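A.B. asks: Got a predicted structure here, sequence first:
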Amino acid sequence: MAPALLAAIDLDSQAPPSQGLHQQALSFVGNVFVHVTDETVDQALAHLQQSVGRYADYLGVAALSSTDDVLSLLDAGAAKVFVTRHQLDALKAQNIDQDRIVLCLPGNTRAEIIDAIAGTQVDVYSHQVQDIGLVEAWLNEYGTDRPNVFVSFAEPTTENALRLAKLSAIPVIPAGSLTVDAQKEPGLISVARLVMANATSDRPDGLFTTLVTDERGVALGLVYSSEESVAESLRTGRGVYHSRKRGLWYKGESSGDVQELVSMSLDCDTDCLQFVVRQKGRGFCHLAAPTCFGEYRGLSKLQKTLQSRKESAPQGSYTARLFDDPQLLRAKILEEATELCDATTKEHIAFEAADLFYFALTKCVAAGVSLQDVERNLDVKSIKVKRRQGDAKLAFAAQVAGANGAAEGTTNVVPNETPKEAASVPKSRDDPAGVKDGRIAMKRYVTAQETPETIAAALQRPSQKSTEKIIGICKPIIDAVKTRGDAALLEYTHKFEKATSLTSPVLRAPFAKELMELAPETAKAIDISFENIRKFHAAQKEEKPLRVETMPGVVCSRFARPIERVGLYVPGGTAVLPSTALMLGVPAMVAGCQKIVLATPPRSNGKVTPEVVYAAHKVGAEMIVLAGGAQAVAAMAYGTESVSKVDKILGPGNQFVTAAKMYVSNDTNAGVSIDMPAGPSELLVVADASANPAFVASDLLSQAEHGVDSQVILIAVGLNESQTAAIEDELNKQANALPRVDIVRGAIEHSFTLVVETIEEAMQLSNQYAPEHLILQVENADKVVDLVENAGSVFIGEWTPESVGDYSAGVNHSLPTYGYAKQYSGVNLASYVKHITSAHLTKEGLQNVGPAVIELARVEELEAHRRAVSLRLGVA
Ligand SMILES: NC(=O)c1ccc[n+]([C@@H]2O[C@H](COP(=O)([O-])OP(=O)(O)OC[C@H]3O[C@@H](n4cnc5c(N)ncnc54)[C@H](O)[C@@H]3O)[C@@H](O)[C@H]2O)c1
Ligand SMILES: N[C@H](CO)Cc1c[nH]c[nH+]1
């Protein structure tokens, strides 16, 4: 819609004008003209930022030397730019919407104008016009079927402006020459007169039909206006109309339900006014309803409810709980966003979107943000000219890839090609340094200031994709491998690993030397780690059977035997993990398992990294299955033409690996067991004032870099603000220097610090969480170990970073996550053996224990059991 006028303002003038339009009246007019030069581009951008949504900015940019600056101004929300012919051509070449361009005419004669606008359909601007008659002449010649014509005057007067306004030209007049109070400023040009210059009434009484709406455009009611009421409304900044019975009508004067004027404008054929207002009191309608068409609905209604809950919520109100508990609100927003992503039917999508809107709007209202603010943002974004790539941030893309798999084509996260690349995930294209999105920081809770429920909610792990869903994806894969063996296994490796050249799914021992060629320092590091892991696991061996004489002549024993055939899964999706091959393979070797099968996804060239082959060789693996995911698990569980069937499958992996392990272990036909359900890596550090902030931060980051779903927690014991901030600063600094900063950022988003007062409280919270890894960086750390009840593995004192456990200290890194440390142990020697018990009785022993057996068999009415004893003892 063409504006009625533009009020020209000066970017440099800081002081309010001594006469003419004040700031608020600029919004009523709704359209402002600003002249921009190379020196004032930044000021203009700042001005746009403040004013976008309050009024439309028309910018004179003819003096700008750079087209980029013009584009930036359009991008920042300028409604239109007034340009030279040269600039017009440059903007056209950039495909800028011509509706946003106004061509500055080089002169005002007919010939000059025709020449300038030849071949264009853009609006035009005739500036500093001296001879109004000349402009009137060509406006009359063109008629109304022409682009918009903007005109500024060498000497603006009411008469000049009205003459051109009546020909539907748009006057551009300095704000200081305009007034909304013509009585007080009689020498200035009346805005009301200009606004109404072209208004036409289709009513016998000459009044103008007026639609009154709120800021979101929701109709409040219908009224009538006259030029006088419009002038009064502009003067007072309130809703003032013309009552057909009582004349000038100051809305709400007697009821108190007044309105603040936001803006006013005419419709497309200038016979209807729209007043945008902020309604006060009970509402617009004389029946005390918000609108003359009834109550608010939908988002407007929700907003009103939330705003009133914020002011005073009834006891037990859920919304009030959300306002008070940002952590709960955050969790709900994430939960609902995920549910919306998973919804498929129209009804379900509408249902989930409604839930998400509710929680999102609660967040807005809590922060004093209105729907109008949100919609203003949408409008500004809708006219951006610099389009973004639109890719998801890597952290989120990786999450989706984790759930759907890159192979489904849902993301652009690609599987690794080489070990080095795999270890260094690329940063997002939008943010090559990985720092633009701001500080990397964990949320902080001071437990003394929070409710126990808030802390308990914080200690919940981030939600995982439902196992049923993942099993639904894995089951067809497992069935295919079970029924079609190698052929299916190879097909899935071609599909998921893109290893299309692979023709055999296994690599058999002895492995060729050239497949395990390593730099001497790498081989040495593997050898050292191997030896330490071997020593620690060998020490766990039970040298002789357990033997107890429970009664004279009754001897009970328990002895261990290795599980004959074990399958070890070494993950390889986003990182290559030879350390995991050692952690799983060395105890299998020490336990004496006869057949060790190792499975790992190959690279796209069909090969496995030499470090993994070397580790497989050192532990005596019989073969490496060149496959990953559910297909590798199925191959080891059921066996194929090439893959040996195993009795137990161990090792971590992503959701597909875990789901497949759980599925095959429940299939009685498979006859296979598993170590434990595994989840994303996690770490909890308990640190007191003696801890080195740089050490603490480095430990937290060491697990955060595993995946966006990793979680790290700091429990700060008795730290003051500056001590806690020192760790946070270190974390931000070190995180931003990491190659996997995007993954870290994703993990840190659901990681947090708990500030507690005592070490006892810290350990109680740690035991409640049951972390996979627990680091104690506190005074007397070895004494604090006594307080540990639940944890996968504990790292004691400032010189024990968790990474030593990941690689070389000797302890195992395959550990229970997701709170399973409450009931599971990490992988250890016992994971590779089963225990067999034996009983050995003498005659005397049977005489001693026999009567008890006879009696219990009688109670259970199992006669054959009873007789097996009574017969030997010769009793009835
Ligand atoms: N707890 C521990 O001890 C420990 C140690 C090392 C690694 N980890 C964890 O193991 C995990 C390794 O995950 P990863 O993805 O890097 O490697 P991975 O080897 O576990 O999984 C890769 C396989 O997933 C399968 N897959 C991918 N998308 C699929 C889809 N859409 N449908 C079906 N199958 C699909 C493919 O077969 C692919 O080979 C990480 O979460 C890491 O933190 C844990
Ligand atoms: N920290 C992982 C267990 O959660 C294991 C690992 C392998 N490589 C490095 N770290």
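C.D. replies: Happy to help now that I have it. Ligands and ions are numbered 1, 2, ... in the order given.

A.B. asks: residue boundaries of the helices in the stretch 551-700 of the chain?
C.D. replies: 578-591, 610-619, 629-638, 655-665, 693-704 (DSSP state H, counting those that start in this stretch).

A.B. asks: CA atoms only for the fourth one - export them in PDB, please.
C.D. replies: As requested, the backbone C-alpha atoms of helix 655-665 are provided in PDB (Å, rounded to 0.1, in the frame of the first residue of the first chain):
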ATOM      1  CA  GLN A 655      22.100 -46.300  19.000                       C
ATOM      2  CA  PHE A 656      21.900 -48.800  16.200                       C
ATOM      3  CA  VAL A 657      24.700 -51.000  17.600                       C
ATOM      4  CA  THR A 658      23.100 -50.900  21.100                       C
ATOM      5  CA  ALA A 659      19.600 -51.600  19.900                       C
ATOM      6  CA  ALA A 660      20.900 -54.500  17.700                       C
ATOM      7  CA  LYS A 661      22.900 -56.000  20.700                       C
ATOM      8  CA  MET A 662      19.800 -55.800  22.900                       C
ATOM      9  CA  TYR A 663      17.600 -57.400  20.200                       C
ATOM     10  CA  VAL A 664      19.900 -60.400  19.400                       C
ATOM     11  CA  SER A 665      20.500 -61.000  23.200                       C
END
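
A.B. asks: I'd like to know which elements it is packed against.
C.D. replies: helix 467-497, helix 629-638, strand 648-650, strand 673-674 (3 or more C-beta pairs under 8 Å, 6 or more residues apart in numbering; DSSP states H and E). Yep, even glycine has a C-beta here, placed from its N, CA and C like the rest.

A.B. asks: same thing but at 7 Å, please
C.D. replies: Contacts defined by 3 or more C-beta pairs under 7 Å, 6 or more residues apart in numbering; DSSP states H and E place helix 655-665 against helix 467-497, helix 629-638, strand 673-674.

A.B. asks: any idea which of those is most buried?
C.D. replies: helix 629-638 (a mean of 30; mean count of other C-beta atoms under 10 Å).

A.B. asks: wait, does it contact ligand 1?
C.D. replies: Yes - part of helix 629-638 sits near ligand 1 under the criterion C-beta under 6 Å from any ligand atom, namely G629, A630.

A.B. asks: Just the angle for that helix relative to helix 467-497, thanks.
C.D. replies: 100 degrees (axes from the mean of the first three to the mean of the last three C-alpha atoms, to 10 degrees).

A.B. asks: quick one: average pLDDT of helix 629-638?
C.D. replies: Mean pLDDT, computed over helix 629-638, is 98.

A.B. asks: try stretch 306-313
C.D. replies: Averaged over stretch 306-313, pLDDT sits at 86.

A.B. asks: picking up where we left off before, tabulate the helices and strands packed on helix 655-665 (a markdown table), appending distance to ligand 2.
C.D. replies: Output for the helices and strands packed on helix 655-665, formatted as a markdown table (distance: least, C-beta to the nearest ligand atom, whole Å):
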| stretch | distance to ligand 2 |
| --- | --- |
| helix 467-497 | 20 |
| helix 629-638 | 18 |
| strand 673-674 | 17 |
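
A.B. asks: Dump the ones you listed to CSV, plus distance to L846.
C.D. replies: Listed next are the helices and strands packed on helix 655-665 as CSV, based on distance: least, C-beta to C-beta, whole Å:
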stretch, distance to L846
helix 467-497, 48
helix 629-638, 43
strand 673-674, 35
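
A.B. asks: between those, which gets the lowest average pLDDT?
C.D. replies: helix 467-497 (a mean of 93).

A.B. asks: on contacts alone, who are the packing partners of the next helix or strand after that helix?
C.D. replies: Next along the chain after helix 467-497, taking DSSP states H and E as the criterion, comes strand 506-508. For strand 506-508, the contact count by 3+ C-beta pairs under 7 Å, 6+ apart identifies strand 623-625 as packing neighbours.

A.B. asks: Which among the helices and strands packed on helix 655-665 is found nearest to N848?
C.D. replies: With distances scored as C-beta to C-beta, the stretch of the helices and strands packed on helix 655-665 nearest to N848 is strand 673-674 (36.9 Å).

A.B. asks: So what touches that closest one?
C.D. replies: Strand 673-674 is contacted by residues K648, I649, K661, S665 when judged by C-beta atoms under 7 Å, 6 or more residues apart in numbering.

A.B. asks: quick one: low-confidence ranges for the stretch 251-400 of the chain?
C.D. replies: 315, 387-389, 391-400 (pLDDT under 70).

A.B. asks: Chain neighbours aside, what residue packs nearest to the residue in the stretch 151-300 of the chain positioned nearest to ligand 2?
C.D. replies: Minimum separation of the stretch 151-300 of the chain from ligand 2 (C-beta to the nearest ligand atom) falls at L299, amounting to 44.0 Å. Take L299 and drop its neighbours on the chain: the residue closest to it by C-beta to C-beta, 6 or more residues apart in numbering is L371, 5.8 Å away.

A.B. asks: quick one: contacts for that neighbour?
C.D. replies: R216, L299, Q303.

A.B. asks: quick check, the second one in a strand?
C.D. replies: No - in this structure, L299 is helix, not part of a strand, as judged by DSSP: H, G, I helix; E, B strand; the rest coil.

A.B. asks: Please report the number of neighbouring residues for it.
C.D. replies: 17 (other C-beta atoms under 10 Å).
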